[in-house]
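[1] Can you look at this prediction? I've put the sequence above it.
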Amino acid sequence: MLTPFLFPVIAFGILFFALAVILARTVIYSVLSLVCVLGLTAVLFVLLKAYLVAAILILVYAGAILVLFLFVVMMTEFGKKPAPFSAVLKDPRGLVHPAVAVILSAGLFWEVRSVIVRTCSVLPAAQPAAEGSAADLARILFGAYLLPFELTALLLFSALISVVVLAGQGAKK
């Protein structure tokens, strides 16, 4: 089908927008690029026929959490001008963090690759996946993982309240 031709295009799009998340001049553009990354990742899940995972990815992450990120960014960063890129390059200390990040990322990539190579030779042949439904996922999510699910909701809610308080204090000054 079209999957062998679509995968490289979608993967390139994910990489492009992932770089845009890192290199964007404003935080708003970074969040919008992250929305594109998650959308294209959902398309990959659709190509793998994992429709429920794609729907959850769009509804929960792109639809709820990133809208919360945009709300937070708009409340805290609105009106600030980004620093020009030439000013960052003039200070040699500004290049230390990206260099360290590249070195750590390369090391992490190499370690993950070596773990995958070691485990792939040991793993037995793959078994066909069991048919899963939304009811099975809900039973697991609201059964064994109820506490982490609720703690995540509490953490997001407390972050939202913190931003509202901090934005209110910034407006008073």
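    Ah, there it is.

[2] burial of the closest residue to Leu52 other than its chain neighbours, as a residue count?
    On the basis of CB to CB, 6 or more residues apart in numbering, the spatially nearest residue to Leu52 that is not a chain neighbour turns out to be Ala134, at 6.0 Å. Where C-beta positions appear, they are placed from N, C-alpha and C, glycine not excepted. Look at Ala134: counted by other CB atoms under 10 Å, it has 11 neighbours.

[3] Hmm, Tyr29 is touching Ala20, no?
    Yes. Counting by CB atoms under 8 Å, Tyr29 touches Ala20, with 7.1 Å between them.

[4] picking up where we left off before, quick one: the residue nearest to Leu52 from Val60, how far?
    Counting by CB to CB, to the nearest Å, the gap between Ala134 and Val60 amounts to 13 Å.

[5] How about Gly39?
    With CB to CB as the criterion, Gly39 and Val60 are 13 Å apart.

[6] Same drill for the two, tell me which one is more crowded.
    Neighbours of Gly39 and Val60, each counted by other CB under 10 Å, are more numerous for Gly39; the result is 17 against 12.

[7] helix or strand for the more buried one, which one?
    Of the helices and strands defined by DSSP states H and E, Gly39 is found in helix 27-47.

[8] where's the closest residue to Tyr61 other than its chain neighbours relative to Leu147, distance?
    Nearest residue to Tyr61, sequence neighbours excluded (CB to CB, 6+ apart): Leu38, at 5.2 Å. Distance check for Leu38 against Leu147: by CB to CB, it reads 25 Å.
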